[in-house]
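Chemist: model this:
(3 chains)
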Amino acid sequence: MKELLRAWFREELSGMEDFLDTEEKPDISRVEHKSAVRKWEDTLLSSPEMQKMIHMRQRRYRTLYRVIAVISCIAFIAIMLYMIAHLPRYGFKNPRADVIARRYIEQGLEETGAVNIVAGMILDYRAFDTLGESFVLFTALVCATILLRFGMRDKEQSVGAPVYKTSTDNIIHMIGFFLVPAILMFGIYIVLNGHLSPGGGFSGGTILGSALIIMSASGGFDITDRIFTYKRLNILTFIALGFYSLSKGYVFFVGANGMHNPIPKGIPGAILSAGLILPLNIAVGMVVACTMYGFYSLFERGRIGHA
Amino acid sequence: MLDTLLNNYQEAVAMILFGIGFATLLFQRNLIRKLIGMNIMDAGLFLFLTSLGYIHGHKAPILEGGKIITNTYINPVPSGLVLTGIVVSVSVTAVMLALTVRLYRRYHTLDMDEIYAMTLKEREEGDE
Amino acid sequence: MTLLEIFKIILLVLLIVCAIGVNLTKRLLPAIIIFMAYSTIMAVVWTLLESPDLAITEAAVGAGITSILFFLTLRRIGREELKDPADEDPSADSEHAKEARP
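Modeler: From the prediction side, this is the model:
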């Protein structure tokens, strides 16, 4: 708190230098006198009148902040509610916003081959958007690695003991033993059936990631470290993102030049259908699962794998 | 006007949630609580978008048996948008939490004001 | 007004209660658990709004991963607290960064 006051004090001081006694006040512009200035400021700040003034000032600032914040929050909610009162009625069709939706629903099955229109939308019509989103996830993992990895390793060695402990509870071991295969199966089902039923790469990948998290939380990191080293995780992410970019780039190129798209659509409703949506779902699921496990590992012990 | 507001109660609740999240962001000085407030704002906004696509009595846009019957499905566009948003919000949260851990390692507090005061002090010491 | 609609309104009220409740707790752990409940209720609301894709994703991401990350952050902060503050030198970070570079 004192430093805040000092900064404010400096600002106040710069305006009224002329009124102060120059005998007492050292030259503020010279570097070697900074400590002297500091001492002088400290004596001034510790005087009772000054303390009282500072307190008043601080309280006034706090009150002002609170009042402005309350007013802005209430005004925001009021404006938004006013706008909502002028929206079209909830639960009824808005004819002006219906053009794109109707196109997606009527032509979606024919053009993408996906039974689940949302999957067909995000992985076919708006696939470029989803590619960007996968890169956002990857970037977040890279940022978390940079922020949490350095500085943790050497300290562990110097302390001598690992900062995390594997649970030795038998109940947790057994629950993990029975739960992890079921969750893995569920996640794989959701990823593979993304074009037929609700779900897809993002939700399925997250479930796979949480299965890995439960595995490493119940059985210790030794089990997952055998599969997920830092290098393998990077290679897996690279392969998934590279496959996504190349295949979708090819489709965009073909489509933009009006050529025939050789990727078969298949019969709607079959598992091997909907063209590229199934492989893309798998790629996205891989990226998401790696990212989620990577977040857990980084937050838990500051590293991924042995590195 | 109040009549329409009551009819649009779902959007109204979404915006109130957004406002509460905003207030949390403004009033709480703890960094983790600020992050929770941001997540509440996110979820409120997603609820708003989803409510706009909902149509009474219509089903989720999954074409059962490969038959297309128009005027029986809800608007799929908000669903796609929100799906993107949820995953982006979790990435943002993870990066922010990593930053919080780093800030705590350096300043040993989660209080925003104290951290700000300490940065001011550091800057001053750096000048000398 | 059908039964389902009443159920939805109850859920919406619970959402607001959860959002306010985050601000009223004294400690951080209950706040995070309330946020977890908020995410789960949101997933149920989305099921009622006929968006099952969103419901699955929110249940896995919001209630699962985000809450786990919050918990881990809290645990890590608690661990830092146990350590001696003296060996937390701010300049140590840059040294580590230097060493880590090949």
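Chemist: tell me which strands and helices the longest helix seen in chain A is in contact with?
Modeler: When chain A is parsed with DSSP state H, its longest helix is helix A:48-85. Helix A:48-85 sits against helix A:2-15, helix A:34-46, helix B:2-7, helix B:9-27, with contacts defined as 3 or more Cβ pairs under 8 Å, 6 or more residues apart in numbering or on different chains; DSSP states H and E. All C-beta atoms are positioned from the backbone trio N, CA, C, and that covers glycine.
Chemist: Tell me which helix or strand comes right after it.
Modeler: Sequence-wise, the next helix or strand downstream of helix A:48-85 (DSSP states H and E) is helix A:99-112.
Chemist: Show me which residues of that next one are buried.
Modeler: Judged by neighbour count (16 or more other Cβ atoms under 10 Å in any protein chain shown), helix A:99-112 contains these buried residues: A:101, A:104-105, A:108-109, A:112.
Chemist: low pLDDT regions in the chain?
Modeler: All of this refers to chain A. Where chain A drops to pLDDT under 70, the residues are A:1-35, A:97, A:150-167, A:269, A:305-307.
Chemist: To clarify, I was referring to chain C.
Modeler: Scanning chain C for pLDDT under 70 picks out C:80-102.
Chemist: what residue lies at the spatial centre of it?
Modeler: The centroid of chain C falls nearest to residue C:67 when counting by Cα atoms, centre = their mean (3.5 Å).
Chemist: so where's the longest helix in chain B?
Modeler: In chain B, assigned by DSSP H, the helix with the most residues is helix B:76-107.
Chemist: if we can go back for a sec, was I right to think the residue nearest to the centre of chain C contacts residue C:35?
Modeler: Yes - at 6.8 Å, residue C:67 and residue C:35 qualify as touching, with contact defined as Cβ atoms under 8 Å.
Chemist: Torsion angles phi and psi at residue B:55?
Modeler: Dihedral pair for residue B:55: phi -130, psi 130, per degrees, to the nearest 10.
Chemist: Same check on residue C:6?
Modeler: Torsion angles at residue C:6 (phi, psi; degrees, to the nearest 10) stand at phi -60, psi -40.
Chemist: Okay, strands next: where are they in the stretch 101-250 of chain A?
Modeler: In the stretch 101-250 of chain A, no segments count as strands under DSSP state E, counting those that start in this stretch.
Chemist: Next to chain B, which bits of it? Give me the list.
Modeler: A:101-102, A:104-106, A:108-109, A:115-118, A:121-122, A:126, A:129-130, A:133, A:136-137, A:139-140, A:143-144, A:147-148, A:151, A:197-198, A:202 (Cβ under 8 Å from any Cβ of the partner chain).
Chemist: dump the residue contacts of the residue nearest to the centre of chain C.
Modeler: C:32-33, C:35-36, C:39 (Cβ atoms under 8 Å, 6 or more residues apart in numbering or on different chains).
Chemist: wait, which of those is closest to chain B?
Modeler: Set against chain B, the nearest of the contacts of residue C:67 by Cβ to the nearest Cβ is residue C:35 (5.0 Å).
Chemist: Do I have it right that the closest one meets residue B:36?
Modeler: Yes - with contacts counted by Cβ under 8 Å, residue C:35 reaches residue B:36, the gap being 5.0 Å.
Chemist: Between those two, which contacts overlap?
Modeler: C:22, C:70.
Chemist: mind listing what's buried in stretch C:12-32?
Modeler: C:12, C:14-15, C:18-23, C:28, C:31-32.
Chemist: For that stretch, what is the distance to the chain centroid?
Modeler: Per Cα atoms, centre = their mean, to the nearest Å, the displacement of stretch C:12-32 from the mean C-alpha position of its chain is 11 Å.
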